[in-house]
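A.B. asks: Take a look and give me a structure for this.
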Amino acid sequence: MSEPFSAYIALHRAARGDLEAQRTLAREALACSIGEGDFRAATEGLVFARMAASQGDNTDLGVLLQLLAVSASLAKAEGDCDDLREALSAEVVAYLSIGVDRQPEGEADLAPWLAVVVASCSPDEVELGKNLERQMVAAERVG
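C.D. replies: Just a heads-up that it's a prediction; the model follows:
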């Protein structure tokens, strides 16, 4: 029998690099942000989703991309600044680009999704996304 969810235990483990704790916190935040329209949950969940995705497994991109989309949607609904929505869109471009580059044989093709996202973004968002991608790849090399 698994132990009941405790945000504080998961946070403690996630802060120490525990991938499963990062995934759990990201999924919990996604459920809360979708179910309750909680913008704060979405933005906090992004931290853990980014940590999980940064460990290099494409399976973690799904939750991250969902949280980015939900965050952008909730930011728009709350009337938050265009800069935030632009940054979130650029981040989607960056993570999808990385996902396309890392995609193993036999996985569903992410390239068409990237093309759709890029087509819906402004040139500034696409350029910012490319810059973010370069920074993320450089950070991975540093370790």
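
A.B. asks: Residue 81: neighbour count?
C.D. replies: Burial of residue 81 is recorded as 9 neighbouring residues (other C-beta atoms under 10 Å). C-beta coordinates here come from the backbone N, C-alpha and C atoms, glycine included.

A.B. asks: Quick check: it vs residue 105, distance?
C.D. replies: Computed as C-beta to C-beta, to the nearest Å, the residue 81 to residue 105 distance reads 41 Å.

A.B. asks: Spell out which helix or strand contains the most centrally placed residue in the chain, please.
C.D. replies: By C-alpha atoms, centre = their mean, the mean C-alpha position of the chain lies nearest to residue 64, the distance being 2.6 Å. Residue 64 belongs to helix 61-77 when elements are defined using DSSP states H and E.

A.B. asks: Against which helices or strands is that helix packed?
C.D. replies: Under the contact criterion of 3 or more C-beta pairs under 8 Å, 6 or more residues apart in numbering; DSSP states H and E, helix 61-77 touches helix 19-36, helix 39-53, helix 82-102.

A.B. asks: Tabulate the ones you listed (CSV), appending mean pLDDT, distance to residue 9 and mean neighbour count.
C.D. replies: Compiled in CSV, the helices and strands packed on helix 61-77 are given as follows (pLDDT from 0 to 100; distance: least, C-beta to C-beta, whole Å; neighbours: other C-beta atoms under 10 Å):
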stretch, mean pLDDT, distance to residue 9, mean neighbour count
helix 19-36, 95, 8, 18
helix 39-53, 94, 14, 21
helix 82-102, 90, 28, 19
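
A.B. asks: Now tabulate the ones you listed in JSON lines and tack on distance to residue 3.
C.D. replies: Compiled in JSON lines, the helices and strands packed on helix 61-77 are given as follows (distance: least, C-beta to C-beta, whole Å):
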{"stretch": "helix 19-36", "distance to residue 3": "11"}
{"stretch": "helix 39-53", "distance to residue 3": "18"}
{"stretch": "helix 82-102", "distance to residue 3": "31"}
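
A.B. asks: Any idea which of these gets closest to residue 110?
C.D. replies: When the helices and strands packed on helix 61-77 are compared by C-beta to C-beta, helix 82-102 sits nearest residue 110, at 4.8 Å.
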